[in-house]
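Novice: Got a predicted structure plus its sequence, pasted below:
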Amino acid sequence: MQQIAWPQKKREMFSHHFDSTIWNNFTFRNDDIIIATYAKSGTTWLQQIISQLIFNGQAGLDVSDMSPWLDLRVPPPEVKMPALETQQHRRFIKTHLPVDALVFSPQAKYIYIGRDGRDVLWSLYNHHATANELFYQALNDTPGLVGPRIEKPVESIVQYYHDWLDKDGYPFWAFWENILSWWQIRHLPNVHLLHFEKLKTDMPGEIKKIANFLHIDIHPENWNDILEHCSFDYMKKHSAKSVPLGGAFWEGGSDSFINKGTNGRWKEVLTKQHSEKYEQLALQNLGADCANWLATGEQ
């Protein structure tokens with residue numbers, strides 16, 4: 001039998017958001033679940049789905065507390081690590097790192113959700129434009145900042161789009177390498193790729209695939225509760241339970257964080273030329289198969 005070449009950590013990533021060194025001292029459990037995404041790709045939705053599978057459709061779960069973003073700079077490791085160690089349930093942890101910047105465990109399960117970059121950008125702009133002073137203080141004025149500060153966004157979403165493409169992920173982090181790094185390990189037995197659009201069109205089917213991958217049995221009597229609690233309407237109504245710090249970092253609170261949940265808003269704003277710019281860069285940086293998956297969810 002051919003031995004599996006497991007991914008190895010090759011670098012650290014630091015920014016106003018990231019401190020990847022926390023993974024170096026993280027003690028994995030054999031049933032850990034790692035939710036990996038580029039920001040605004042459906043992360044909170046996937047966290048909600050996994051919480052519902054683990055807790056059999058239970059209502060009112062504080063998902064943001066249960067499922068921390070491990071490589072976010074704040075709060076520091078001395079706060080996050082003890083909290084994770086005390087968790088008795090099956091842990092599900094969030095990361096926005098590319099594969100080569102985290103420690104990869106052959107025992108853990110990794111789920112990566114992708115989304116068309118134009119939809120990501122539209123959601124990311126709302127996330128950034130509604131951020132309040134607490135957001136900037138936490139990321140810019142706390143100990144350990146490496147690199148430039150994050151500043152308020154430009155007023156034009158079209159300019160924001162071009163800046164994000166021209167400077168690959170600016171002012172957050174690189175987009176293409178994040179997507180490609182997870183696409184390249186999709187063949188591993190403990191990695192599962194899914195797509196935002198697939199969740200939109202067939203949420204029940206996709207949740208069953210996730211449950212099968214995680215070896216979680218869905219009890220039929222809980223199925224309707226799971227579907228209800230994973231719906232956009234339910235999550236919007238109970239957004240304070242899903243959003244970090246209950247939405248304290250955004251004007252309008254958690255409702256700003258869980259905003260529209262829709263795709264294609266860019267079609268009404270971008271010109272054909274502007275849209276094709278993204279498509280050309282996707283093909284150039286990802287290759288035809290990965291670019292097609294990112295656009296459509298089809299592998």
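Specialist: Ah, there it is. Since the structure is predicted, the reported quantities are computational estimates derived from the model, not experimental observations. Residues are numbered from 1 along each chain as shown.
Novice: so where do the helices sit in the stretch 1-150 of the chain?
Specialist: Assigned by DSSP state H, counting those that start in this stretch, the stretch 1-150 of the chain shows helices spanning 43-54, 63-66, 77-85, 117-129, 133-140.
Novice: Can you tell me which of those helices is most buried?
Specialist: helix 43-54 (a mean of 24; mean count of other C-beta atoms under 10 Å). Any C-beta I mention is one placed from the backbone N, CA and C, and that applies to glycine too.
Novice: Mind listing residues that contact it?
Specialist: Contacts to helix 43-54, defined as C-beta atoms under 8 Å, 6 or more residues apart in numbering, come from residues 33, 35, 37, 58, 61, 63-64, 66-67, 89-90, 92, 94, 96, 111, 113, 194, 196, 199, 207, 210-211, 214, 216, 218, 225-226, 229-230, 235, 242-243, 257-258, 261.
Novice: switch the cut-off to 7 Å
Specialist: Helix 43-54 is contacted from outside by 33, 35, 37, 61, 63, 66-67, 89-90, 92, 94, 111, 113, 199, 207, 210-211, 214, 216, 226, 229-230, 235, 242-243, 258, using C-beta atoms under 7 Å, 6 or more residues apart in numbering.
Novice: what's the offset of that helix from the middle of its chain?
Specialist: Averaging C-alpha positions (C-alpha atoms, centre = their mean, to the nearest Å) puts helix 43-54 11 Å from its chain's average.
Novice: which stretch in the helices of the stretch 1-150 of the chain is the model least sure about?
Specialist: Here the helices of the stretch 1-150 of the chain differ in mean pLDDT, and the lowest is helix 63-66 at a mean of 92.
Novice: so what does it touch, helix or strand wise?
Specialist: Judged by 3 or more C-beta pairs under 7 Å, 6 or more residues apart in numbering; DSSP states H and E, the packing partners of helix 63-66 are helix 43-54.
Novice: Alpha carbons only: can I get the helix it packs on in PDB?
Specialist: Output of helix 43-54 as PDB, limited to C-alpha atoms (Å, rounded to 0.1, in the frame of the first residue of the first chain):
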ATOM      1  CA  THR A  43     -17.600  29.600   7.400                       C
ATOM      2  CA  THR A  44     -20.300  30.500   9.900                       C
ATOM      3  CA  TRP A  45     -22.800  28.500   8.000                       C
ATOM      4  CA  LEU A  46     -20.600  25.400   8.100                       C
ATOM      5  CA  GLN A  47     -19.900  25.900  11.800                       C
ATOM      6  CA  GLN A  48     -23.600  26.000  12.400                       C
ATOM      7  CA  ILE A  49     -24.200  22.800  10.300                       C
ATOM      8  CA  ILE A  50     -21.500  20.900  12.200                       C
ATOM      9  CA  SER A  51     -22.700  22.100  15.600                       C
ATOM     10  CA  GLN A  52     -26.200  20.800  14.600                       C
ATOM     11  CA  LEU A  53     -24.800  17.400  13.600                       C
ATOM     12  CA  ILE A  54     -22.800  17.100  16.800                       C
END
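Novice: Low-confidence regions, the chain specifically.
Specialist: Residue ranges of the chain with pLDDT under 70: 1-2, 242-243, 245-246, 253-261.
Novice: hmm, back to that, apply the buried test to the contacts of helix 43-54 and list what passes.
Specialist: Neighbour-count burial within these applies to 33, 35, 37, 61, 63, 66-67, 90, 92, 94, 111, 113, 199, 207, 210-211, 214, 216, 226, 229-230, 235, 242-243, 258; the criterion is 16 or more other C-beta atoms under 10 Å.
Novice: returning to that earlier point: in strands only, show me the contacts of helix 43-54.
Specialist: Residues of these located in strands (DSSP state E): 33, 35, 37, 92, 94, 111, 113.
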